[in-house]
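Peer 1: Predicted model follows, preceded by the sequence.
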Amino acid sequence: MNIKRAKQEIKDAIEAYLLKDEYGTYVIPQIRQRPVLLLGAPGIGKTQIMEQIAKECGIGLVAYTITHHTRQSAIGLPFISKHEYGGKEYAVTEYTMSEIVASIYNKMEQTGLSEGILFIDEINCVSETLAPAMLQFLQCKMFGNHAIPQGWVIVAAGNPPEYNKSVREFDVVTMDRVKKIEVEPDFAVWKEYAVQNQLHPAVIAYLTTRTTNFYRMETTVDGRKFATPRGWEDLSQMLYVYEQLQKNMDRDVVVQYIQHEKIAKDFANYLELYYKYQMDYQLDAVLQGKIDPLLLKKAGNASFDERLSVLSLLLARCRRAFATIFQKRAELELLFGELKKLRMQLLEGEAVTEPQCKVQAAVEAFAGEYEAKHRAELLTRREDHIYRAVQETLEHYASRLLALDEREAATAEGAFACIRSWFNEAQDALDAQETEALAMLEHAFDFVEEAYGGGQEMVIFITELNSDYYSVKFLGEHECERYYRYNKQLLLDDASQSIEERLRQIGR
């Protein structure tokens, strides 16, 4: 199963395990809540999806890599206590609370979340002394004498034996008490994730034509050589930063992330060409409607690989514009909700002579809400940016109110009228941004039509638009006649299969 399906399976299991009846009791008792055991090759996203799942489910997450623990830290330290049995006193060995169990209670105290996920990574690579404790953990949901709190779902992950010499095979008794999910690399699923999360377009374009390099694990006389999804994503992040710092990324840098010399060299060569095409084709001017006839001729005579790179560059700019629009729209939607609450607060009760005080109180309340969500780790990176942007806007509104002439904001109605006008300005700016993005897309169509006509390049262009989350949302809300026309004409099964086959052949 691919990582996307595995993520959904885990979310479904969590939803089922945390379902309560009318008396507040879990429908599936804890003893029947099988731990999820996620098995798959390294670097395909097993750990990453746990963070996503916790945020999307609104629950806590405590994560441990068990190979970093000794028996003492996992189970607790022994101590002697006195107990009386049958009128006689005995010395009894007990254990301090496991560090792992204690961390769950700490998380509950810090975040206020009573339910969550305990994620144990590399569970099948434990030491000899810790192996029995892991079996007890999976079978009984306990570390030493201390049980995992109710409401906390156990998810464990491990690598198959071919990837790690330290792997231990669990017996049938243990495996019969877990919900086993096996995960395999899947480029199509990863590409969907990569586009939505705006990984570097050079990485996406390269792997689209060389899908066999997406995940490689080879054993040679010189040791393991590999390329993994995790490596490509980390390389993508570094690539963005290198561009910002105006540094060059060569093969020596690439191989630090893609530890397969042949693939690293190939990507470094591709990246050099990618930047060259970026300069040669003057795409910023193209997307403003300034198309040089010489460039059209050059594009028409280019190799198929070069054409794909040019299409990727065009698509990347459009996607970035669409993503920026939906980020801004999300900010305005959240801001609008806060302003509705602010209006009710301003106008409720008796006339307010100093509305600035209520505005400032609203700003502080929102800041407190953001801080609580941030502390509970319930916000994705994107959501965190949205909250911070809205907080800055509210603070800006409050400071602008203070700077106004007293007569302009002396009443609640006057103060809110000013705020409404500022919000409308932001909405108008977003509308202009959307108009500009639509014009950019039309200019991209102009270029593809004039350079390549309605052939296979147009099929690829439409297919890529259809595979992008932000592009689909944008085109669902804005009229683009050529998109709908080409989509209807060109996205036929036989044409799509022909292009996909050609891409696969290039990647061999």
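Peer 2: Right, received. Where do you want to start? Numbers count the residues shown, from 1 in each chain.
Peer 1: State the distance from residue 473 to residue 316.
Peer 2: 17 Å (C-beta to C-beta, to the nearest Å). All C-beta spots, glycine's among them, are computed from the backbone N, C-alpha and C.
Peer 1: can I assume residue 345 is in contact with residue 357?
Peer 2: No - under the criterion of C-beta atoms under 8 Å, residue 345 is not in contact with residue 357, lying 10.5 Å apart.
Peer 1: and the two? which has more neighbours close in?
Peer 2: Taking neighbours as other C-beta atoms under 10 Å, residue 345 and residue 357 compare with residue 345 leading, 18 against 11.
Peer 1: burial count for residue 10?
Peer 2: With other C-beta under 10 Å as criterion, residue 10 counts 22.
Peer 1: Per-residue pLDDT of it, please?
Peer 2: Looking at residue 10, its pLDDT is 93.
Peer 1: who touches it in this structure?
Peer 2: Taking C-beta atoms under 8 Å, 6 or more residues apart in numbering, we find residue 10 in contact with 36, 38, 49-50, 53, 155, 181.
Peer 1: out of those residues, which one sits closest to residue 241?
Peer 2: Closest approach to residue 241 among these (C-beta to C-beta): residue 49, at 24.3 Å.
Peer 1: Name the nearest residue to residue 436, ignoring sequence neighbours.
Peer 2: residue 321 (7.6 Å; C-beta to C-beta, 6 or more residues apart in numbering).
Peer 1: what's the helix or strand for the one you found?
Peer 2: helix 304-347 (DSSP states H and E).
Peer 1: next one: residue 157
Peer 2: strand 152-158.
Peer 1: in that strand, what's buried?
Peer 2: 152-158 (16 or more other C-beta atoms under 10 Å).
Peer 1: now stretch 142-154
Peer 2: 142-144, 146, 148-149, 151-154.
Peer 1: same deal with stretch 328-346?
Peer 2: In stretch 328-346, counting by 16+ other C-beta under 10 Å, buried: 328-332, 334-335, 338-339, 342-343, 345-346.
Peer 1: And stretch 362-370, by the same measure?
Peer 2: 362-363, 366, 370.
Peer 1: Out of the residues you listed, which comes closest to residue 115?
Peer 2: Once C-beta to C-beta is applied, the member of the buried residues of stretch 362-370 that ends up nearest residue 115 is residue 370, at 21.9 Å.
Peer 1: okay, that closest one: pLDDT?
Peer 2: Confidence score, pLDDT, at residue 370: 92.
Peer 1: check which helix or strand covers it.
Peer 2: helix 355-375.
Peer 1: ok, then the element right after that helix?
Peer 2: Following helix 355-375 toward the C-terminus (DSSP H and E): helix 381-403.
Peer 1: From the contact counts, what lies against whichever helix or strand comes after that following helix?
Peer 2: Under the assignment DSSP H and E, the closest C-terminal helix or strand after helix 381-403 is helix 412-452. Judged by 3 or more C-beta pairs under 8 Å, 6 or more residues apart in numbering; DSSP states H and E, the packing partners of helix 412-452 are helix 283-286, helix 293-300, helix 304-347, helix 355-375, helix 381-403, helix 456-467, helix 481-490.
Peer 1: between the ones you listed, which gets nearest to residue 272?
Peer 2: helix 304-347 (11.2 Å).
Peer 1: between that closest one and helix 456-467, how big is the angle?
Peer 2: Put simply, helix 304-347 runs at 30 degrees to helix 456-467, going by axes from the mean of the first three to the mean of the last three C-alpha atoms, to 10 degrees.
Peer 1: returning to that earlier point: save the helices and strands packed on helix 412-452 as CSV, and put in distance to residue 115 too.
Peer 2: Output for these, formatted as CSV (distance: least, C-beta to C-beta, whole Å):
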stretch, distance to residue 115
helix 283-286, 49
helix 293-300, 55
helix 304-347, 25
helix 355-375, 16
helix 381-403, 20
helix 456-467, 35
helix 481-490, 44
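Peer 1: nearest to residue 241, of those?
Peer 2: When these are compared (using C-beta to C-beta), the closest one is helix 381-403, at 15.1 Å.
Peer 1: Show me what counts as buried in the closest one.
Peer 2: The neighbour-count check on helix 381-403 (16+ other C-beta under 10 Å) flags 383, 386-387, 389-391, 393-395, 397-398, 401 as buried.
Peer 1: Out of those, which is nearest to residue 171?
Peer 2: residue 383 (42.7 Å).
Peer 1: quick one: contacts for residue 60?
Peer 2: Counting by C-beta under 8 Å, 6+ apart, residue 60 has contacts 54, 104, 107-108, 111, 113, 115-117, 152, 376-377.
Peer 1: what pLDDT, on average, does the strand holding residue 157 get?
Peer 2: 90.
Peer 1: Now it - C-alpha only, CSV.
Peer 2: Extracted C-alpha coordinates of strand 152-158, given in CSV (Å, rounded to 0.1, in the frame of the first residue of the first chain):
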residue,chain,number,x,y,z
TRP,A,152,-3.5,7.3,23.5
VAL,A,153,-3.2,5.2,20.4
ILE,A,154,0.0,3.3,19.8
VAL,A,155,1.6,3.4,16.4
ALA,A,156,5.0,1.8,15.8
ALA,A,157,7.2,1.8,12.7
GLY,A,158,10.0,-0.4,11.5
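Peer 1: Please identify which of the contacts of residue 60 is nearest to residue 290.
Peer 2: residue 377 (46.5 Å).
Peer 1: tally of neighbours for that closest one?
Peer 2: Number of residues near residue 377 (other C-beta under 10 Å) recorded here: 17.
Peer 1: Can you give me the distance of it to residue 331?
Peer 2: Counting by C-beta to C-beta, the gap from residue 377 to residue 331 is 21 Å.
Peer 1: So, low pLDDT: which residues of the stretch 1-150 of the chain?
Peer 2: Where the stretch 1-150 of the chain drops to pLDDT under 70, the residues are 69.
Peer 1: and the nearest residue to residue 468 once chain neighbours are set aside, how far is that from residue 467?
Peer 2: Once flanking residues are discounted, residue 468 sits nearest to residue 195: 4.9 Å by C-beta to C-beta, 6+ apart. Residue 195 sits 6 Å away from residue 467, going by C-beta to C-beta.
Peer 1: Pull the contacting residues for the residue nearest to residue 115 when sequence neighbours are not counted.
Peer 2: If you skip the residues right next to it in sequence, residue 115 has residue 151 as its closest partner in space, 3.8 Å away by C-beta to C-beta, 6+ apart. Counting by C-beta under 8 Å, 6+ apart, residue 151 makes contact with 18, 26, 114-116.
Peer 1: What segments of the stretch 1-150 of the chain are helices?
Peer 2: Ranges of helices in the stretch 1-150 of the chain, per DSSP state H, counting those that start in this stretch, are 3-17, 46-57, 71-75, 99-111, 131-140.
Peer 1: hang on, the earlier thing: which phi and psi does the residue nearest to residue 115 have?
Peer 2: Backbone torsions of residue 151, given as degrees, to the nearest 10, read phi 90, psi 0.
Peer 1: from now on call the first residue 3
Peer 2: Shifting the count to begin at 3 puts that one at residue 153.
Peer 1: any idea how far it lies from residue 119?
Peer 2: Residue 153 is 10 Å from residue 119, by C-beta to C-beta.
Peer 1: same deal with residue 390?
Peer 2: 26 Å.
Peer 1: what's the domain layout of the chain?
Peer 2: In the assignment given by automatic domain parsing, the structural domains of the chain cover 5-73+104-186, 188-282, 300-510.
Peer 1: can you list those domains in TSV and add distance to residue 79?
Peer 2: Converted to TSV, these look like this (distance: least, C-beta to C-beta, whole Å):
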stretch	distance to residue 79
domain 5-73+104-186	9
domain 188-282	35
domain 300-510	29
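Peer 1: and of these, who's closest to residue 92?
Peer 2: Across the domains of the chain, residue 92 has its closest neighbour in domain 5-73+104-186 (16.5 Å, C-beta to C-beta).
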